[in-house]
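Trainee: Sharing a sequence plus its predicted fold:
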Amino acid sequence: MSPRSTAQGQTLDDEKIEVMGLSLAPKSARPALNTHLDIDVFFHVKERTNHAYRFLLAAWPVTLPAWKPTDPAPQNLMQRSAMRPTADGFFPSDRWRTGEYIRDRFSLQIPAIGLTVSALLGLGWAQAFRRYE
């Protein structure tokens with residue numbers, strides 16, 4: 001399986017991990033107001049990383065064609081998934097191997113503002129805190 005919407009030049013950890021794109025999850029319900037939408041994000045491991053990243057997916061409405069890439073995201077209308085390691089912690093990124101393709105599913109609530117506007121999706125990440133004793 002490959003992403004329906006591809007990303008270009010989106011990497012993390014000095015290009016060790018490539019963000020390939022995203023797709024509406026198979027068998028996901030047709031988007032409706034106040035329902036959850038499942039979205040798969042695809043990664044390609046170019047080189048193994050030592051970082052256990054946590055990820056979240058965010059979505060916010062935009063008005064096309066007036067929207068510009070420099071426009072700020074409206075925090076009051078933004079929907080976010082939980083920030084978490086891949087596969088809810090069962091397969092963190094520091095265990096990914098070179099050459100692997102990873103798909104992780106995120107769930108977002110469709111806001112009650114309506115489905116007639118377009119939406120942007122953004123992937124956020126942070127290094128997970130590791131406690132060494």
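Mentor: Arrived safely.
Trainee: list the helices and strands whichever helix or strand Ile39 is part of packs on?
Mentor: Using DSSP states H and E, Ile39 falls within strand 36-45. On a contact count with 3 or more Cβ pairs under 8 Å, 6 or more residues apart in numbering; DSSP states H and E, strand 36-45 meets strand 17-24, strand 53-62, strand 101-109. Heads up, the C-betas are built off the backbone N, CA and C, glycines and all.
Trainee: Switch these over to CSV; also include distance to Gln8.
Mentor: Below are the helices and strands packed on strand 36-45 laid out as CSV (distance: least, Cβ to Cβ, whole Å):
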stretch, distance to Gln8
strand 17-24, 9
strand 53-62, 18
strand 101-109, 17
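Trainee: could these be laid out in CSV, adding mean neighbour count?
Mentor: Output for those, formatted as CSV (neighbours: other Cβ atoms under 10 Å):
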stretch, mean neighbour count
strand 17-24, 19
strand 53-62, 20
strand 101-109, 17
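Trainee: Met83 is nearest to which of those strands?
Mentor: strand 53-62 (4.1 Å; Cβ to Cβ).
Trainee: Next one: the nearest residue to Phe43 once chain neighbours are set aside relative to Thr70, how far apart?
Mentor: Counting by Cβ to Cβ, 6 or more residues apart in numbering, Phe43 lies nearest to Ile102, which is 4.3 Å off, once chain neighbours are set aside. To Thr70, Ile102 is 31 Å away according to Cβ to Cβ, to the nearest Å.
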